[in-house]
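> please work out how this folds:
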Amino acid sequence: MHGTIESAAKLDALRERANSLPLEQFDPGDPELFRTDTFWPYFDRLRRDDPVHYCKDSMFGPYWSVTRYNDIMEIETNHSVFSSASSLGGITIRDIDPDLRRESFISMDPPRHAAQRKTVAPMFTPTHLDNLALNIRKRSAECLDNLPRGEVFDWVDRVSIELTTQMLAVLFDFPWEDRRKLTRWSDIATTIPGPDGLVATEDERMAELTECAAYFSRLWKERSEQPPKSDLLSMMAHGAATRDMDAKNFLGNLILLIVGGNDTTRNTMSGSLLALSQHPEQYRKLRENPALLDSFVPEVIRWQTPLAHMRRTALSDFEFRGKQIKKGDKVVMWYVSGNRDEEVIEKPYDFIIDRARPRTHLSFGFGIHRCVGLRLAELQLKIIWEEILRRFDHIDVVGEPKRVYSSFVKGLEELPVKIAA
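Got it, this is the predicted structure:
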């Protein structure tokens, strides 16, 4: 699709299908469209012809799609009508089974949301980020120095996963030798069970998340009995708004921080290399002027949009842009569509590393639920590219990426690359 190694003929055929299919048959949340990277023309059509669209029937049940940038901002900031509460189904298009619903501060409404979020916010202050930067640089350098030359390897596994998992282990002060468990739990938290999936059934998925909860409960007990430290677990174990969380709220916040710290950074690290390989003139520009990293980083985050959507539930009947949204309806804000909205972003389908306003994007959300770790995500991406540009003239993508089967996490599972010997 836009920017991938697709033929013009295939792109035309996709557009033709999206433009000829009746709007009432649109199901833009179908994960298969994301696995095949073929969803773009559907959102283009929705923004143009039906920006607040109702899908009657899908694997996730009925839902509304909000696809324009400014409309998404309006839904995102209207907490009196549109709720994030886990008790109503949470923040993804896929409803969570009522027995398994776990509160986290992203799936809470004001005023409770602010108190729990505030507990972990000190992790992301400028002073703390300066300290983390030294750690990130050291680990990035080690990771890149150990990459093979002259042979094909998977960038996602060797770089994106490894570095984000190391960072998470540092943030949680998590046992180093077990750090890949964090990657696994993040993937399990967002996966759709099925015969070709990470797990076959929802029961298997819950068994692994229960193991995650048990492991973290042990760490939590240790931290609560020790003097306060500057890791996320210790902050929550000693924070007034979080130290008495029930088990579900505890696991909910953990999963939020693991997925937030893992998926988003991992997928922009992979997406950044793919974007540059698809736009060699931008890669050349970056090599010639590394100072462009300051605008390159937010442009990559817009371009990749590592989480494709967030969802809300209507608390009352509400008319929006001429459509009647009913109490209890599921409303999906498609960040991935807002980030390609021609009315707000100039040439949205062009990857431009020196954009005038690169921070005009929705990848981190907007308003009170805006990603608490966004500065850390940007810092990680900037440092890894500073270190890449110091070492390698070029990293070649040598095959098609394998994409995640999900309309929530917009990511790459594999990206075969080669660094010249």
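
> and the helices in the stretch 151-300 of the chain?
Using DSSP state H, counting those that start in this stretch, the helices of the stretch 151-300 of the chain run over 155, 162-172, 180-190, 202-225, 232-238, 247-278, 280-288, 293-304.

> can you list contacts of the shortest one?
The set of residues that contact helix 155 without belonging to it, under Cβ atoms under 8 Å, 6 or more residues apart in numbering, is 270, 273, 395, 397, 415, 416, 417. The way it works is simple: take the backbone N, C-alpha and C, and place the C-beta from them, glycine included.

> rerun that using 7 Å as the cut-off
Residues outside helix 155 that contact it (Cβ atoms under 7 Å, 6 or more residues apart in numbering): 270, 273, 415, 417.

> wasn't residue 357 part of a helix?
No - applying DSSP: H, G, I helix; E, B strand; the rest coil, one finds residue 357 to be coil, outside a helix.

> going forward can the numbers begin at 53, since that is how I track them
All set: I'll call the first residue 53, so the last point we hit is now residue 409.

> who touches residue 423 in this structure?
312, 416, 417.

> can you list the weak-confidence ranges in the stretch 303-452 of the chain?
Applying pLDDT under 70 to the stretch 303-452 of the chain flags the ranges 421.

> and the nearest residue to residue 320 once chain neighbours are set aside, how far from residue 330?
Once flanking residues are discounted, residue 320 sits nearest to residue 356: 5.0 Å by Cβ to Cβ, 6 or more residues apart in numbering. Plainly put, residue 356 is 12 Å away from residue 330 if you go by Cβ to Cβ, to the nearest Å.

> can I get stretch 434-451 in PDB, CA atoms only?
This file holds the C-alpha atoms of stretch 434-451, laid out as PDB (Å, rounded to 0.1, in the frame of the first residue of the first chain):
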ATOM      1  CA  LYS A 434      16.100   9.600  18.400                       C
ATOM      2  CA  ILE A 435      19.000   7.900  20.200                       C
ATOM      3  CA  ILE A 436      18.800   4.700  18.200                       C
ATOM      4  CA  TRP A 437      18.900   6.700  14.900                       C
ATOM      5  CA  GLU A 438      21.800   8.800  16.200                       C
ATOM      6  CA  GLU A 439      23.700   5.600  16.900                       C
ATOM      7  CA  ILE A 440      22.700   4.000  13.600                       C
ATOM      8  CA  LEU A 441      23.900   7.100  11.500                       C
ATOM      9  CA  ARG A 442      27.200   7.000  13.300                       C
ATOM     10  CA  ARG A 443      27.800   3.400  12.400                       C
ATOM     11  CA  PHE A 444      26.200   2.400   9.200                       C
ATOM     12  CA  ASP A 445      26.000   4.200   5.800                       C
ATOM     13  CA  HIS A 446      22.900   2.200   4.900                       C
ATOM     14  CA  ILE A 447      20.700  -0.600   6.200                       C
ATOM     15  CA  ASP A 448      18.900  -2.400   3.400                       C
ATOM     16  CA  VAL A 449      15.400  -3.900   3.800                       C
ATOM     17  CA  VAL A 450      15.700  -7.000   1.700                       C
ATOM     18  CA  GLY A 451      12.200  -8.500   1.800                       C
END
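
> pLDDT value on the spatially closest residue to residue 295 that is not a sequence neighbour, please?
In space, and not counting its chain neighbours, residue 295 is closest to residue 289: 5.9 Å by Cβ to Cβ, 6+ apart. At residue 289, the model reports a pLDDT of 83.

> ok, now which ones touch residue 289?
Taking Cβ under 7 Å, 6+ apart, one finds 272, 275, 276, 295 in contact with residue 289.

> ok, now which ones touch the second one?
Spelled out, that is residue 275. 285, 286, 289.

> go on, the first one?
Taking Cβ under 7 Å, 6+ apart as the criterion, residue 272 is in contact with 285, 289.

> let's see that with 8 Å instead.
285, 288, 289, 302.

> before we move on, what about the third one?
Contact analysis of residue 276 by Cβ under 8 Å, 6+ apart lists 289, 290, 295.

> and the gap between the second one and residue 219?
In other words, residue 290. 22 Å.

> the more surrounded of those two?
residue 219 (25 against 16; other Cβ atoms under 10 Å).

> tell me the contacts of the more buried one?
Residue 219 touches 184, 188, 191, 313, 317, 428, 432, counting by Cβ under 8 Å, 6+ apart.

> go with 10 Å
184, 187-188, 191-192, 231, 234, 313-314, 317-318, 428-429, 431-432 (Cβ atoms under 10 Å, 6 or more residues apart in numbering).

> kindly indicate which of those lies nearest residue 114.
residue 314 (30.6 Å; Cβ to Cβ).

> these two touch, right, the closest one and residue 226?
No - assessed by Cβ atoms under 10 Å, residue 314 is found out of contact with residue 226, at 11.9 Å.

> any residues in contact with both of these two?
217, 220, 234.

> any idea how far residue 206 is from the first one?
Meaning residue 217. 15 Å.

> looking at these two, which is more packed in?
Using other Cβ under 10 Å, the more surrounded residue of residue 217 and residue 206 is residue 217, with 22 against 18.

> doesn't residue 314 make contact with the more buried one?
Yes - in this structure residue 217 lies within contact range of residue 314 using Cβ under 10 Å: 7.0 Å.

> overlap in contacts of the two?
With Cβ under 10 Å, 6+ apart, residue 217 and residue 314 have common neighbours 234, 235, 238.

> could you find the closest non-adjacent residue to the last one?
The shortest distance from residue 238 to any non-neighbouring residue, by Cβ to Cβ, 6+ apart, is to residue 314 (4.1 Å).

> likewise the first one?
The shortest distance from residue 234 to any non-neighbouring residue, by Cβ to Cβ, 6+ apart, is to residue 220 (4.8 Å).

> just to revisit the earlier point, export the helices of the stretch 203-352 of the chain as JSON lines, with columns for distance to residue 454.
Formatted as JSON lines, the helices of the stretch 203-352 of the chain follow (distance: least, Cβ to Cβ, whole Å):
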{"stretch": "helix 207", "distance to residue 454": "12"}
{"stretch": "helix 214-224", "distance to residue 454": "18"}
{"stretch": "helix 232-242", "distance to residue 454": "14"}
{"stretch": "helix 254-277", "distance to residue 454": "21"}
{"stretch": "helix 284-290", "distance to residue 454": "31"}
{"stretch": "helix 299-330", "distance to residue 454": "10"}
{"stretch": "helix 332-340", "distance to residue 454": "22"}
{"stretch": "helix 345-356", "distance to residue 454": "15"}
